[in-house]
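1. the amino acid sequence is not available; the structure is as follows:
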Ligand code: ARG
């Protein structure tokens, strides 16, 4: 039966049992005390809350623990409860409780996680590459992390609105459009399968840049183009649109290669806010949030100063009347709160922009665009480094093209799969290579604590050992193929009593049961690496179980059925966990 409300985890059940026991055994003063349920080496869980409670009650924690243990005597939830150490309570679940949990989760397509109370409308701003430029590894991180957060938050009950704030406006367009209009066949051209979109764009950018640097008259014409663009000259706009369309095609190619949820509909580029910028500036000035300083309209902050202690301006409108990134982001934020009705705004953008977002949020608070109760958060991430520990660049010092990194990852996966799974058809091998190669890159990114830098190392990413995507994909596929073999050798139940759960079985069921709490923690902290760590621990608990507890050759049919259920739930949990990270979990590898 699919549960609408999530099944309570064992830890949550232990928590409420202990709360009740505290109050019953120690009196009304113990009401509301947190029992602090933690995993334990000596039992399934341990309650540590009596140490703090004893201080409050001025009692001896060991004595209190004795009373709580007596109170819990006979509870059907636990097979064994004992006081230990300075005042801990060790909790061992009854086999029936573990088996019940296994059955309830296993029979629900949502694994008993149900749908939590509905959560706020959340806008996730991510990817946001710049038109007519290569996407770089920073955009890769934003795209991968943002995609995982979108999936996780949606699963945990939020209404999520994706926003791809592409950089599609700015003075660099003057030179691009000018060059394009003077050389009509440089971009467009006919669709040539061998020429990826980006090569044409890159060629346009390179050629325009070279001319701009060498030719003063071209410079002047380019500047006039910027003015023409801003005033909406049709021919200029058409050139701009051509470039934007070409870039979108390229971004779409990357997104489909990556298998992320972003589509063209999610694009709300900087240019879409152009008409609001003057209004924002006027409004901020009228409210006294922004003031004129040296001709520019600026916002100041007490705690944002340069090294001489001079306030650093947040420039809303330049002295020449132009607008930049700050004004656009304020218009964007206002739109998300006012029109999209967001209660939570997330910006998945690299750490170097921390100051920018601090100033955007603070300005928006002052101006009333960000009312009380609406939360805005800069979901920062660190840099991707090369093997030398420096920001990732090619040997020639150029920014490395994203697409070539992804292609290289897939090529290596192709080799691994050809070697390890020669039985798969050529077509299946190719699909697996995509799933494994892309999964490896995503997992390596997501499994590192978000704010840390990491080294882009394909050897490590594609290693079959350790905390990698490939390791988890293989762990999942092994379980599935084992279960498939089993289905062919069905045995009749023999009616005997099932003996107690083995320690490795208990440990695995307990780990499986912690999946929901892990997802809650990820949705709260916006840290996908916690889910990665959980899945890795789960795969390890499974491998301990599998070593200690034969499934195909289980001693009785009862034991086998129970182990099969454990294997199935492990497979389902790994598959769901990977899918929430945006990573494929093929049935066969
Ligand atoms: N296009 C920007 C860049 O490449 C990122 C935009 C992030 N989103 C935003 N609302 N500012 O750095």
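-> Thanks, I have the structure now. Values in this document were obtained by computation on a predicted structure and should not be read as measured data.

2. what sits against residue 99?
-> Going by C-beta atoms under 8 Å, 6 or more residues apart in numbering, residue 99 touches 501, 562. Bear in mind the C-beta positions are built from the backbone N, C-alpha and C, glycine included.

3. tell me which element it falls in.
-> Assigned by DSSP states H and E, residue 99 belongs to helix 95-106.

4. chain center to that helix, what's the gap?
-> Offset of helix 95-106 from its chain centre (C-alpha atoms, centre = their mean, to the nearest Å): 30 Å.

5. tell me how far the residue of the stretch 401-550 of the chain found nearest the ligand lies from residue 250.
-> Taking C-beta to the nearest ligand atom, the ligand has its nearest neighbour within the stretch 401-550 of the chain at residue 402, 12.7 Å off. Residue 402 sits 10 Å away from residue 250, going by C-beta to C-beta, to the nearest Å.

6. ok so, going back, where does the residue nearest to the residue of the stretch 401-550 of the chain closest to the ligand when sequence neighbours are not counted sit: helix, strand or coil?
-> Distance criterion C-beta to C-beta, 6 or more residues apart in numbering; nearest residue to residue 402, sequence neighbours excluded, is residue 135 at 4.7 Å. Under DSSP: H, G, I helix; E, B strand; the rest coil, residue 135 falls in the coil class.

7. OK, contacts around residue 135?
-> 129, 251, 254, 402.

8. hmm, try it at 7 Å
-> The contact partners of residue 135, by C-beta atoms under 7 Å, 6 or more residues apart in numbering, come to 129, 254, 402.

9. check residue 532 too.
-> 443, 446, 447, 467.

10. work out for me the element it sits within.
-> Assigned by DSSP H and E, residue 532 belongs to helix 529-548.

11. avg pLDDT for that helix?
-> Helix 529-548 shows an average pLDDT of 97 in the prediction.

12. quick one: buried residues of whichever helix or strand comes after that helix?
-> Next along the chain after helix 529-548, taking DSSP H and E as the criterion, comes helix 557-580. Buried residues in helix 557-580, counted by 16 or more other C-beta atoms under 10 Å: 557-560, 562-567, 569-578, 580.

13. against residue 223, how distant is the residue of the chain positioned farthest from its centre?
-> In the chain, the greatest distance from the average C-alpha position (C-alpha atoms, centre = their mean) is reached by residue 217, at 47.9 Å. The gap separating residue 217 from residue 223 is 11 Å, by C-beta to C-beta.

14. same question for residue 133.
-> Distance from residue 133 to residue 223, by C-beta to C-beta: 20 Å.

15. cool, residue 502 as well?
-> 76 Å.

16. okay, and for the stretch 1-150 of the chain, where does confidence drop off?
-> Filtered on pLDDT under 70, the stretch 1-150 of the chain yields the residue ranges 1-4, 115-118.

17. skipping its backbone neighbours, what lies nearest residue 337 in space?
-> Of all residues not flanking residue 337 in the chain, residue 374 sits nearest, at 5.6 Å (C-beta to C-beta, 6+ apart).

18. what does the stretch 1-150 of the chain put close to the ligand?
-> By the rule C-beta under 6 Å from any ligand atom, the part of the stretch 1-150 of the chain lying against the ligand is 125, 128, 130.

19. repeat that with 5 Å
-> 125, 128 (C-beta under 5 Å from any ligand atom).

20. number of residues surrounding residue 164?
-> 24 (other C-beta atoms under 10 Å).

21. wait, what's in contact with it?
-> Residues in contact with residue 164, defined by C-beta under 7 Å, 6+ apart, are 127, 128, 262, 266, 267, 268.

22. who wins for most neighbours among these?
-> The member of the contacts of residue 164 surrounded by the most neighbours (other C-beta under 10 Å) is residue 127, with 30 neighbours in all.

23. what sits closest to that residue if chain neighbours are left out?
-> Using C-beta to C-beta, 6+ apart, the nearest residue to residue 127 is residue 143, at 4.3 Å.

24. in which helix or strand would I find the one you found?
-> When elements are assigned from DSSP H and E, residue 143 belongs to helix 137-155.

25. then residue 382?
-> For residue 382, there is no host helix or strand (DSSP H and E).

26. pretty sure residue 122 is in a helix, no?
-> No. Per three-state DSSP, residue 122 lies outside any helix segment and is strand.

27. re earlier: mind giving me TSV with the contacts of residue 164 and columns for secondary structure?
-> Formatted as TSV, those follow (three-state DSSP):
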residue	secondary structure
127	coil
128	coil
262	coil
266	helix
267	strand
268	coil
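
28. distance to residue 32 for these - can I get that in a markdown table?
-> What follows is the contacts of residue 164, written out as a markdown table (distance: C-beta to C-beta, whole Å):
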| residue | distance to residue 32 |
| --- | --- |
| 127 | 45 |
| 128 | 45 |
| 262 | 45 |
| 266 | 44 |
| 267 | 49 |
| 268 | 46 |
